[in-house]
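Trainee: sequence unknown, structure follows:
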């Protein structure tokens, strides 16, 4: 196997994937808009830079691409679309014109949008509501247009793990726990999650297995946010009260069906909520 390119290698997932693959003996190349101290060839740049991507693909003899770079949270819908869709077009073009054989794309459960029934299967209709979800759904279409290559699309649910940056649900709950009171938009909605260790595990499985297609990634079980907060508090040895603002949500429950990935990829999540939340503390 040649070298592995990780777009967004400076992000939470990308940095952990790079560290994991290096330990496994793989050769890594990274690109990110933000500089970093890397122990592997690193390019500071934008995935919308087609010339730079073409140079990386040929110069570094890339055989597999993990396309993780994306704009998650932004009030600028145009910028979200530009990076997540047009950036993916640049990655797709560089990939299709190279000798690389496989691309693994981090899409999102947000591409489903309104979930009329759960668990949601890969063949269910996409109805994204948010700019982020719409951009991920369109980025999937871009990548499916590549012929003669292995394209894997992972629709990932809510991520959690130790060291996540502020602005995400689980680290925000942990931050609030110090005061003894946690406030949530709606504490009684149910959501499914995936722990970072399980996510990296399925990425590695996809790298090693000759498959293609679209797959959901989740732990396979949903939990109320109220219960999640109390489990986190218990893991930290704290007692909390949970206040719900009872704001309206598109979905009372979000849950992805993971039978396809179990069957095709032979992967099973191994980190349950109690253990996963313990690892966050």
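Mentor: Here it is on my side, so go on. Quantities reported herein were computed from a predicted structural model and do not represent experimental measurements.
Trainee: Do a quick rundown of the strands in the stretch 51-200 of the chain.
Mentor: 62-67, 102-108, 150-156, 158-160, 181-184, 190-195 (DSSP state E, counting those that start in this stretch).
Trainee: Which neighbouring elements make contact with the shortest one?
Mentor: Taking 3 or more C-beta pairs under 8 Å, 6 or more residues apart in numbering; DSSP states H and E as the contact definition, the neighbouring helices and strands of strand 158-160 are helix 169-177, strand 190-195, helix 196-208, helix 273-280. Heads up, the C-betas are built off the backbone N, CA and C, glycines and all.
Trainee: mind running it again at 10 Å?
Mentor: Judged by 3 or more C-beta pairs under 10 Å, 6 or more residues apart in numbering; DSSP states H and E, strand 158-160 is in contact with strand 102-108, helix 169-177, strand 190-195, helix 196-208, helix 225-235, helix 273-280.
Trainee: winner for burial among these?
Mentor: For the helices and strands packed on strand 158-160, average neighbour numbers computed from mean count of other C-beta atoms under 10 Å are highest in strand 102-108, which has a mean of 24.
Trainee: List the pairing partners of it within its sheet, with orientation.
Mentor: In the sheet, strand 102-108 lines up against strand 62-67 (parallel), strand 150-156 (parallel) (DSSP bridges).
Trainee: Tell me, what's the model's pLDDT at the residue nearest to residue 239 when sequence neighbours are not counted?
Mentor: Excluding the flanking residues, the one nearest residue 239 by C-beta to C-beta, 6 or more residues apart in numbering is residue 233, at 6.5 Å. On the pLDDT scale, residue 233 is placed at 98.
Trainee: Quick check, residue 233 in contact with residue 280.
Mentor: No. In this structure residue 233 lies outside contact range of residue 280 using C-beta atoms under 10 Å: 11.4 Å.
Trainee: and for those two, which residues touch both?
Mentor: 173-174 (C-beta atoms under 10 Å, 6 or more residues apart in numbering).
Trainee: which residues of the protein fall in helices?
Mentor: Ranges of helices within the chain are 12-23, 50-59, 77-81, 87-96, 131-144, 169-177, 196-208, 225-235, 259-265, 273-280, based on DSSP state H.
Trainee: Format those helices as CSV; extra columns: distance to residue 219.
Mentor: Output for the helices of the chain, formatted as CSV (distance: least, C-beta to C-beta, whole Å):
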stretch, distance to residue 219
helix 12-23, 16
helix 50-59, 33
helix 77-81, 27
helix 87-96, 27
helix 131-144, 20
helix 169-177, 13
helix 196-208, 7
helix 225-235, 12
helix 259-265, 12
helix 273-280, 7
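Trainee: quick one, which of these is nearest to residue 244?
Mentor: Among the helices of the chain, the nearest to residue 244 by C-beta to C-beta is helix 225-235 (7.2 Å).
Trainee: I'd like to know which elements that closest one is packed against.
Mentor: Packed next to helix 225-235, using 3+ C-beta pairs under 10 Å, 6+ apart, are strand 158-160, helix 169-177, strand 181-184, strand 190-195, strand 241-244, helix 273-280.
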